[in-house]
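J.: need a structure here:
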Amino acid sequence: MVRPMELRQLQYALQIAKSLNFSRAAENLHIAQPSLSQQIAKLEKELGVLLFQRNTNAVELTYAGAVFVEKAQKIMDMIEQLIREMHDISQIRKGRLIVGSLPITGSHILPLVLPEFKRRYPDIEIVLVEETTAVLESLTSSGQTDVCLLTLPIADPTLTWQELVEEEIWLAVPPAHPLIERSGRREAVRIADLKGEPFIVLKRGQGFRKITFDLCKNAGFEPKIVFESTNIETVQSLVAAGMGIALVPKMVARAREAEFSPAYVRLVERPTRTLVIAYRKGRYLSKAAEAFITVMSGVLGGKGANG
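T.: Sure, this is the predicted structure:
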């Protein structure tokens, strides 16, 4: 009869696979390295396969080890989801929710949503994580955030989403830019007319950067990049200072009386971006996460599930 594996042995194997070093794994697990080595050796003996190839300076997963780690991770995820589900059943209105957000989106949408959510669910703790699109997709896919606010398209196939709102994209230009003055009044501009203009864009990993490149590509040109930033507010300040132009979401437009405010012009094509709240397919969605999605959809006017 095969002896049942212990959960701690799965945890040990997963930590070694992550660290690829027995000493670091033992340190992260807060156990002695000899004890960790003994447990893995015992597990390998019971399974009849070698999980890790020990070399002088490194540890490598064997084929059997890779299969074991993949299945072990699924088991640990299921256990975590079971515990969370049981917790929700016993304490429906309590919990902890980790929400990922793009800096652009979070600074303008969360102030509308969080006060209403806290009013309805004062005992649910919210932890905010602001990152780039690529990082947020990875965090949500691996279960390190419960939900995250993103813009379409979403690259990670393990994620599903609900649409929240469709937002128009505007052109930001320096206040005295010739593009905004035609026959003495401000008119909409075609994206194709921006060819050759100096563009200021967000850095790689930001979803809105891709939107900018895609819109220009569809108009038949590649944007001429003169500056890049991780912050949309910096982008707008550089535009206001006359360093270039930028495509920006309507929600971030500054008031005309604001210091270093660019001028804003609508585009003939009326391009938009779609804001969504995303989470991992097939993963248990806590009652707190469901409540957050409901509140956010109510405040912003959600359109329903997709993906």
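J.: can you list the domains in this protein?
T.: 7-79, 91-307 (automatic domain parsing).
J.: so is residue 31 in a helix, a strand, or just coil?
T.: The three-state assignment at residue 31 reads coil, by DSSP: H, G, I helix; E, B strand; the rest coil.
J.: picking that back up, same list (the domains of the chain) but as JSON lines, adding distance to residue 85 and mean neighbour count.
T.: (C-beta placed from N, C-alpha, C; glycine too.) As requested, the domains of the chain are exported to JSON lines (distance: least, CB to CB, whole Å; neighbours: other CB atoms under 10 Å):
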{"stretch": "domain 7-79", "distance to residue 85": "10", "mean neighbour count": "15"}
{"stretch": "domain 91-307", "distance to residue 85": "6", "mean neighbour count": "17"}
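J.: Lowest mean pLDDT across the ones you listed, which one is that?
T.: Comparing mean pLDDT across the domains of the chain, the weakest is domain 91-307, with a mean of 85.
J.: mind checking how far it is from the chain centre?
T.: Counting by CA atoms, centre = their mean, to the nearest Å, domain 91-307 is centred 12 Å from the centre of its parent chain.
J.: in its sheet, what does whichever helix or strand residue 172 is part of sit against?
T.: Using DSSP states H and E, residue 172 sits in strand 159-173. Strand pairing for strand 159-173, using DSSP bridges, gives strand 246-249 (antiparallel), strand 263-265 (antiparallel), strand 272-280 (antiparallel), strand 304-306 (antiparallel).
J.: could I get that strand in PDB with only the CA atoms?
T.: The C-alpha atoms that make up strand 159-173 are tabulated as PDB, following Å, rounded to 0.1, in the frame of the first residue of the first chain:
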ATOM      1  CA  LEU A 159      -7.900  35.200 -17.100                       C
ATOM      2  CA  THR A 160     -11.500  36.000 -17.600                       C
ATOM      3  CA  TRP A 161     -13.100  39.400 -17.000                       C
ATOM      4  CA  GLN A 162     -16.200  41.600 -16.800                       C
ATOM      5  CA  GLU A 163     -16.500  44.800 -18.800                       C
ATOM      6  CA  LEU A 164     -17.000  47.900 -16.700                       C
ATOM      7  CA  VAL A 165     -16.900  50.900 -18.900                       C
ATOM      8  CA  GLU A 166     -15.900  52.100 -22.400                       C
ATOM      9  CA  GLU A 167     -13.900  55.300 -22.300                       C
ATOM     10  CA  GLU A 168     -13.000  57.600 -25.200                       C
ATOM     11  CA  ILE A 169      -9.300  58.400 -26.000                       C
ATOM     12  CA  TRP A 170      -8.300  62.000 -26.500                       C
ATOM     13  CA  LEU A 171      -5.300  63.700 -28.000                       C
ATOM     14  CA  ALA A 172      -3.200  65.900 -25.700                       C
ATOM     15  CA  VAL A 173      -1.100  68.600 -27.300                       C
END
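J.: This protein: helices as residue ranges?
T.: Ranges of helices within the chain are 7-19, 22-29, 33-47, 63-90, 103-120, 133-141, 207-218, 232-240, 287-300, based on DSSP state H.
J.: Redo the ones you listed as TSV? Include distance to residue 169.
T.: Shown next, in TSV, are the helices of the chain (distance: least, CB to CB, whole Å):
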stretch	distance to residue 169
helix 7-19	40
helix 22-29	44
helix 33-47	53
helix 63-90	37
helix 103-120	12
helix 133-141	16
helix 207-218	7
helix 232-240	12
helix 287-300	17
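J.: So which of those is nearest residue 273?
T.: Nearest to residue 273, of all the helices of the chain, is helix 207-218, at 5.7 Å by CB to CB.
J.: So which other helices or strands are in contact with the closest one?
T.: Counting contacts by 3 or more CB pairs under 8 Å, 6 or more residues apart in numbering; DSSP states H and E, helix 207-218 packs against strand 147-151, strand 198-202, strand 246-249.
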